[in-house]
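[1] With the input below, show me the fold.
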Amino acid sequence: YKFGPPGGTAGPATLITTTPYASTDQLSGLAFSKDGQHLYMARQFGNSGAPVNGDVVEISPTNGSIVREVVTGLSCATGLATDPISGDLFVSQPCTPPTGSNNIVRISDPESSTPTTSVYASPGQSSNVVFAPDGTLYTESALQNIGQFIVSISGTNSARPGTVNYITNSFELPTAVVPALNPLNISMPPFLL
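    You can find the predicted model right below:
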């Protein structure tokens with residue numbers, strides 16, 4: 001579905017996907033490229049209700065069709081975000097291992113014909129991932145037998161990218177974090193649940 005600035009209602013007038021995706025696809029995250037010209041989607045493929053594999057594809061913002069596969073073999077691909085500095089994609093894999101992992105994977109050069117993947121950080125099983133304007137990555141992560149935390153991960157422009165900072169575990173079952181601009185210091189946004 002596509003909505004203009006005033007919003008709208010999910011229905012035939014706002015539906016852009018002309019051909020439905022396979023019933024086994026579990027659509028997870030959407031993210032535009034840094035320049036806004038490419039739309040990416042994280043998917044999981046179910047097997048008796050349990051996600052066992054996943055990928056990130058580029059889809060058409062006009063009709064929702066798959067333009068190309070960006071990367072395959074990402075178990076439990078869920079949260080998806082674009083780094084505002086590098087333009088790289090970051091995807092979480094929160095399903096219980098071995099189906100998922102504690103990793104957030106970086107997809108470098110997603111617009112190229114040969115994007116590469118690497119583990120950026122391992123904060124725990126994380127669902128949503130989102131960037132602040134300074135490149136700091138925020139998520140919520142679950143650590144087995146410890147709890148669930150709101151987490152910040154140093155930006156790709158830092159001296160040691162991927163440094164994990166567990167901010168708080170004061171929330172039960174957080175699933176999304178969104179940084180909000182701090183008018184007093186835009187480089188250090190607070191976060192909202």
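[2] Would you point out which residue is most central in the chain?
    Nearest to the geometric centre of the chain sits residue 80, at 1.6 Å (Cα atoms, centre = their mean).
[3] State the pLDDT value of residue 173.
    Predicted confidence (pLDDT) for residue 173: 69.
[4] can you pull out the strands in the chain?
    With DSSP state E applied, the chain shows strands at 25-32, 39-47, 50-59, 66-72, 80-82, 89-92, 104-108, 116-121, 125-131, 137-143, 147-153, 164-168, 178-179, 191-192, listed in chain order.
[5] I'd like those written out as JSON lines, with distance to residue 19 and mean pLDDT added.
    Quick note: C-beta positions are derived from backbone N, CA and C, even for glycine. As requested, these are exported to JSON lines (distance: least, Cβ to Cβ, whole Å; pLDDT from 0 to 100):
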{"stretch": "strand 25-32", "distance to residue 19": "12", "mean pLDDT": "90"}
{"stretch": "strand 39-47", "distance to residue 19": "14", "mean pLDDT": "86"}
{"stretch": "strand 50-59", "distance to residue 19": "11", "mean pLDDT": "83"}
{"stretch": "strand 66-72", "distance to residue 19": "10", "mean pLDDT": "95"}
{"stretch": "strand 80-82", "distance to residue 19": "22", "mean pLDDT": "96"}
{"stretch": "strand 89-92", "distance to residue 19": "24", "mean pLDDT": "96"}
{"stretch": "strand 104-108", "distance to residue 19": "25", "mean pLDDT": "95"}
{"stretch": "strand 116-121", "distance to residue 19": "28", "mean pLDDT": "94"}
{"stretch": "strand 125-131", "distance to residue 19": "28", "mean pLDDT": "91"}
{"stretch": "strand 137-143", "distance to residue 19": "32", "mean pLDDT": "89"}
{"stretch": "strand 147-153", "distance to residue 19": "37", "mean pLDDT": "87"}
{"stretch": "strand 164-168", "distance to residue 19": "40", "mean pLDDT": "87"}
{"stretch": "strand 178-179", "distance to residue 19": "31", "mean pLDDT": "74"}
{"stretch": "strand 191-192", "distance to residue 19": "36", "mean pLDDT": "56"}
